[in-house]
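Asker: generate a structure from the sequence data that follows.
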Amino acid sequence: MFYDFVMLAPILMLALAVPSQVAPKDNPLEGAYLFHACQAAIQEMDHSSDDSANTYQAAICMFYIQGFMDGQDAAGKGACWMNASYETIIKAYVAYMEKHPNVKHMDRRVGVMLALGSAFPCPAKP
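Answerer: Numbers count the residues shown, from 1 in each chain. Purely as a prediction, here's the structure:
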């Protein structure tokens, strides 16, 4: 048992010492994290790359947006943007965040809601 730990310890220390190439320095709950991931998603949509870090970041964005949209649909909200493609939504999100950098430090949900509300305003109810 002790021998197994002695053999495993150097491997764990090496793994912890090597910086991750795919982990951004941003807080994953903040808009900046999602913003960078969605920038990568746009790059991937425009032209696929062999960069695994870029593909990983693009997947983070795509899955988050898809989950967000599914949640809005399940809650009966978001009807004004539900027919938009994921690509359109992601591009609207990135454009909004570029125009409103102060939102990048807020919770990522806030940025997505503000971006979608701006890009796909619902008509006023009578």
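
Asker: what's the lengthiest helix in the chain packed up against?
Answerer: Criterion DSSP state H: the longest helix present in the chain is helix 52-74. Applying 3 or more Cβ pairs under 8 Å, 6 or more residues apart in numbering; DSSP states H and E, one finds that helix 52-74 contacts helix 31-46, helix 86-99, helix 108-119. (C-beta placed from N, C-alpha, C; glycine too.)

Asker: which residues are contacting the longest one?
Answerer: Going back to what we said before, that points to helix 31-46. 24, 26-27, 49, 54-55, 57-58, 60-62, 64-65, 87, 90-91, 93-94, 97, 103-108, 110-112 (Cβ atoms under 8 Å, 6 or more residues apart in numbering).

Asker: coming back round to it: can you tell which of the helices and strands packed on helix 52-74 is closest to Gly76?
Answerer: Closest approach to Gly76 among the helices and strands packed on helix 52-74 (Cβ to Cβ): helix 108-119, 15.1 Å.

Asker: buried residues in the closest one?
Answerer: Residues 108, 111-112, 114-116, 119 are the ones in helix 108-119 that count as buried (16 or more other Cβ atoms under 10 Å).

Asker: show me which pair in these is furthest apart.
Answerer: Taking Cβ to Cβ, the two most distant members of those are Arg108 and Ala119; they sit 16.3 Å apart.

Asker: now for the residue nearest to Arg108 when sequence neighbours are not counted, how many residues are close by?
Answerer: Residue nearest to Arg108 in three dimensions, not counting chain neighbours: Leu34, with 4.3 Å by Cβ to Cβ, 6 or more residues apart in numbering. Using other Cβ atoms under 10 Å, the number of residues around Leu34 comes to 29.

Asker: kindly report the same for Met62.
Answerer: 19.

Asker: then the one 10 residues further on?
Answerer: Taking other Cβ under 10 Å as the neighbour definition, Gln72 ends up with a count of 17.

Asker: now it: how far from Arg109?
Answerer: 10 Å (Cβ to Cβ, to the nearest Å).
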